[in-house]
Structures are given as structure tokens and as C-alpha cells.
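Enquirer: Generate a structure from the sequence data that follows.
(one chain, ligands or ions: 1)
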Amino acid sequence: MRQPLIMGNWKMNGSREEGVQLAKALAEGLESVSQEVAVCVPFVYLSDIRAALGSSGIALGAQNVADQASGAYTGEVSASMLADIGCKYALVGHSERRSYYGDTNQSVAARFCQAMKQNVTPVLCVGETLEERESDKTFQVVDEQLDAVIDAAGIEAFDKAVIAYEPVWAIGTGKTASDEQAQEVHKYIRQRIAERNPAIAEKVQILYGGSVKPDNAKALFAMPDIDGGLVGGASLDAKGFLQICHSV
Ligand code: 13P
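Expert: Reported below is the predicted structural model:
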């Protein structure tokens, strides 16, 4: 039985004060929730948010991690720095990184490996654009994104990693993949992992991301291969995000 995981991705939003207030509201509101919850917050606020989350059990995550261990890489934040300040998770390969900042399958794989080395759990984001979906390339794109990481890190790494399927066309658009569309790709990803290691495939958490909202979360999370969500816009509102957390 896989443990559900709900993760908020605040992206580049809010001030320190707003982040702290949001974290405190989540900490108070989640006392009665048993599944795992995490928030991926801007680097500069990680320590403040960690303090605001206190002993709530809500885990801290970063939105990216460097592809190198240390050294002359101006502007980057290493996995050891994230581990140092209590970060449990780091997103790698979010589609916004891939499309706006040139992250490639190779650099995403390097980031994944750096996180693994420091015991920061990488959350590998994969997903196709609308154009790719419409030209029937969804599985091919997901394969390439997954294979680059499996080749670099080994399938065993997925024993301690999370995968997030985020169709690019559903991110921030209000257009959610239907439950069946999402389930189809989640199942496919799990099968790809199972071809290499069935035990890991059974265990690995695969989150869905892309316009998850309080009113669609329950049906998505009820699908057999969807183990939770990676929530963008709706994670900025405490009430809505708490409702999503309670939908598992
Ligand atoms: P939205 O929930 O705003 O569509 O964003 C999804 C996402 O990109 C989470 O990483």
C-alpha cells in the first residue's frame, strides 16, 4: 500500500510574511491528517517556512537543485545546502524549468543524482506538451524523460524518489487531465518501472499535477495509480490546499 503524498509548489509567489502565514495556517489545519504533506517553497524562504511549519510534520521541499555538488556555479543551490537546512524534497525537471530555463533530460538527471547523494528525495517531473499529446507522442516523451534519469541513476534510485506526471497543457490553465487520461499515463509510467523492477514499481509514489483543485482532487486521487498531487496555484490558498489534502 503506497502512502499518499500531497505536495504544494508555491512557484515564485508571495512574500516572506505571506509564506509564513500560509505555512502556519497549514500547520494548524493539518493536525488531523495522516497522509504526508509537503510544500516546495522559494529558496530564500526555506528556513523561514521550516520554522513556521514547526513540529507539524509537514515536510519542506525546494523547487530545484543544482546539477553539481559545489564550486563556481553562481546562482545555484546545491543538494548539500538543501539537506543542511532540513529540506526533505527537491523538484527536478519541472516543465517550467525545462521550457524557460533550458533544463534538459541530461541536466535533470544530474540534478536528480545530486539530490539522491545528499538524501534529499528528488521529485522527478515529467509530462508532454499539448502539441506532443496531439501528435500521439505522450508516451515517447515520458519515456525519454524517465529513461534519461534511469540511465544515470539506476532503477534502484526510484526506491527513494517520487515521480510527478504533469501534462504541460494542464499546468496553470485550469484544464485538468481527465481522471482517465491521468490514470492512463500513471499506469504506463508504473509499467515502465516494473519492466526493470516490479517491487520498486509497486512502491514508487506517482503524483499528478496540473490544475488540481479542491473540486477535482478526490476523483483524481481515487484512481489506482495516482498516489497524490503536486499542486501549484491552489496550494497558495490555505483553505483550498487543506481541502485537497483531505481529499485523499
Ligand atoms: P497548477 O496547479 O497551478 O496547474 O500547477 C501545477 C504545477 O505546475 C505544480 O508543480
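
Enquirer: quick one, strands of this protein?
Expert: Along the chain, counting by DSSP state E, strands occupy 5-9, 36-40, 59-62, 89-92, 121-126, 162-165, 205-209, 228-231.

Enquirer: A62 contacts C40, doesn't it?
Expert: Yes. Using Cβ atoms under 8 Å, A62 makes contact with C40 at a distance of 6.3 Å. The way it works is simple: take the backbone N, C-alpha and C, and place the C-beta from them, glycine included.

Enquirer: if you count what's nearby, which of the two comes out ahead?
Expert: A direct count of neighbours by other Cβ atoms under 10 Å for A62 and C40 places C40 higher, at 27 against 24.

Enquirer: residue contacts, that one?
Expert: C40 makes contact with 7-10, 61-63, 89-91, 123, according to Cβ atoms under 8 Å, 6 or more residues apart in numbering.

Enquirer: cool, A83 as well?
Expert: 118-120.

Enquirer: Tell me how far it lies from L242.
Expert: 28 Å (Cβ to Cβ, to the nearest Å).

Enquirer: neighbours around M1, how many?
Expert: Neighbours of M1 (other Cβ under 10 Å): 5.

Enquirer: Then E156?
Expert: A count of neighbours around E156, defined by other Cβ under 10 Å, yields 12.

Enquirer: I figured it hits I200, correct?
Expert: Yes. The pair formed by E156 and I200 meets the contact definition of Cβ under 8 Å, at 7.1 Å.

Enquirer: Give the closest residue to the residue in the chain positioned nearest to the ligand in space, chain neighbours not counted.
Expert: In the chain, the residue that lies nearest the ligand is G232 (2.2 Å; Cβ to the nearest ligand atom). Counting by Cβ to Cβ, 6 or more residues apart in numbering, G232 lies nearest to N9, which is 5.1 Å off, once chain neighbours are set aside.

Enquirer: Please identify the residues of this protein in proximity to the ligand?
Expert: 9, 94, 166, 171-172, 209-212, 230-234 (Cβ under 6 Å from any ligand atom).
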